[in-house]
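[1] Here's a sequence, model it:
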Amino acid sequence: MFERNWNLNISIPLEHQERISRSILMGTIDLNVTSEDTTVLLCAQPKSASLYLNQVIAASLEFENHQIGFNQGGGAVYYPRILAAKFTGKNTISHCHAAPEPNIIKLIEMLDLRPLILSRNLLDALISRRDMLLKDKWARNILSPNAINKFVNSSKEYQIDVIIDLFAADYINFFTGWDQFRNNQQIKPIYITYEEMVRDQLGLLSYIAKELNVAFNATHTSDIMNKIQSRGGINFNKGVTGRGRSLISDPHIEKLRRLALKLGCENEDFLGFNLEKPTTGHKETSKIPTFQFRQNRRSHSL
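    Below is the predicted model of the structure:
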């Protein structure tokens, strides 16, 4: 029920095999492939609990959790794998962090994908990314060994400055890029937020099911969420909002505001600037465990 399917055991009709093989080998998006099954592409802003949501949707709505990353890595869209989703004979949901670049939009149109767009307010997402690097989650894929050691041993203000420089523009561009397709009747994106998931998971999943025209059972879905939480691994751990407004200083917020304006983003809900600064409940009470970089540490894909 909770497996992430990395297999490519698909049944391609004989008359289409040559064209599909050529398209894959050449890397050309030139196939119009439709089916009666629903193929969902979850395009998620990083640090938005997307792996958890992908798993809950797959298990509760009975979609195959179809993985599409290259080299069994999450985030990117590997064309042969997303093409394979059209030949499983099942409803599928696939997870990525893709912004609406021209090739992604072309894939959605040519393969008749249903994009599900997940975002999270900028301030919270940046703090979550900082936590992730301090816990040595894929840090070596982003920073050099010297930069990692400096990052974990520096002040919070320095760390947040680094995080803003590394990630803020990409997160803002992800949001503004997808936001322009809100009224697009051809690809018909479904827009959801991390904050909606925090407020009411069942309500959000009911909405997604309605948009996908599939049955929804609240009792079954609650049972699925409890099972995922009890298993550990992919979890919706913190489930809070407002940490970023508490932990990111006003000067850094002004820096982000200037960047957002340059990138054409004035949506205060996404940016998180309009949140009340919490006085309790969101302060760092202890230092997050840090690490020492080791050359033999296993590399992971983002």
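
[2] looking at it, L51 is touching C96, isn't it?
    No - applying CB atoms under 8 Å, one finds L51 not in contact with C96, separated by 11.1 Å. Every residue, glycine included, has its C-beta placed from N, CA and C.

[3] what about those two, which has more around it?
    Neighbours were counted for L51 and for C96 using other CB atoms under 10 Å; C96 has more, 22 against 18.

[4] what's the helix or strand hosting S222 packed up against?
    Taking DSSP states H and E as the criterion, S222 maps to helix 218-231. Contact here means 3 or more CB pairs under 8 Å, 6 or more residues apart in numbering; DSSP states H and E; on that basis helix 218-231 packs against helix 50-61, helix 201-212.

[5] Can you tell me which of the ones you listed is nearest to N183?
    Minimum separation from N183 across the helices and strands packed on helix 218-231 (CB to CB) falls at helix 201-212, 15.1 Å.

[6] Count the residues that sit near the residue lying closest to S119 once chain neighbours are set aside.
    The shortest distance from S119 to any residue that is not its chain neighbour, by CB to CB, 6 or more residues apart in numbering, is 4.7 Å, and that residue is Q45. The tally of other residues near Q45 (other CB under 10 Å) stands at 24.

[7] Q45 and D179, how far apart?
    The gap separating Q45 from D179 is 12 Å, by CB to CB, to the nearest Å.

[8] Then I104?
    Between I104 and D179 the distance, using CB to CB, works out to 15 Å.

[9] Have a look at those two and say which one is more surrounded.
    For I104 versus D179, the count of surrounding residues by other CB under 10 Å is larger for I104: 21 against 17.

[10] Need the nearest residue in space to the more buried one, chain neighbours excluded.
    The nearest residue in space to I104 (CB to CB, 6+ apart) is A98, at 4.8 Å.

[11] Equivalent analysis for D30, please.
    Counting by CB to CB, 6+ apart, S23 is the residue found nearest to D30 once chain neighbours are left out, at 6.0 Å.

[12] In contact with the one you found, which residues are there?
    Taking CB atoms under 8 Å, 6 or more residues apart in numbering as the definition of contact, the neighbours of S23 are 29-31, 83.

[13] which two in these are spaced the farthest apart?
    D30 and L83 (11.2 Å).

[14] The two: who's more crowded?
    Neighbours around D30 and L83, counted as other CB under 10 Å, are more numerous at L83. The numbers are 22 against 10.

[15] what about the more buried one, which SS state?
    Each residue gets one of three states, and L83 gets helix by DSSP: H, G, I helix; E, B strand; the rest coil.

[16] how close does it sit to N54?
    Distance of L83 to N54, given as CB to CB: 19 Å.

[17] Helix or strand: which one has the residue lying closest to L247 once chain neighbours are set aside?
    For L247, ignoring the flanking residues on the chain, the nearest one in space by CB to CB, 6+ apart is I127 at 5.4 Å. Taking DSSP H and E as the definition, one finds I127 inside helix 122-134.

[18] other SSEs contacting that helix?
    Secondary-structure packing of helix 122-134 (3+ CB pairs under 8 Å, 6+ apart): helix 145-152, helix 156-163, helix 169-179, helix 243-247, helix 250-262, helix 268-271.

[19] quick revisit: give the buried residues for the helix holding S222.
    Neighbour-count burial for helix 218-231, with 16 or more other CB atoms under 10 Å as criterion, is recorded at 221, 224-225, 228.

[20] follow-up on the earlier one: now, which of the contacts of S23 sits nearest H16?
    Using CB to CB, L31 is the member of those that lies nearest H16, at 8.3 Å.

[21] if I look at the closest residue in space to L212 that isn't next to it in sequence, how far off is R245?
    Counting by CB to CB, 6+ apart, the nearest residue to L212 once its immediate chain neighbours are dropped is T38, at 5.8 Å. Relative to R245, T38 is positioned 37 Å away (CB to CB).

[22] next one: N217
    Using CB to CB, we find N217 at a distance of 36 Å from R245.

[23] quick one: which of these two has more around it?
    For N217 against R245, the residue with the higher neighbour count under other CB under 10 Å is R245, and the figures read 20 against 13.

[24] ok, back up a step: now, the contacts of S23 that are in helices?
    Counted as lying in helices by DSSP state H, out of the contacts of S23, are L83.

[25] Using CSV, please lay out the contacts of S23 together with distance to K156 and pLDDT.
    Compiled in CSV, the contacts of S23 are given as follows (distance: CB to CB, whole Å; pLDDT from 0 to 100):
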residue, distance to K156, pLDDT
I29, 44, 85
D30, 50, 83
L31, 50, 82
L83, 44, 87
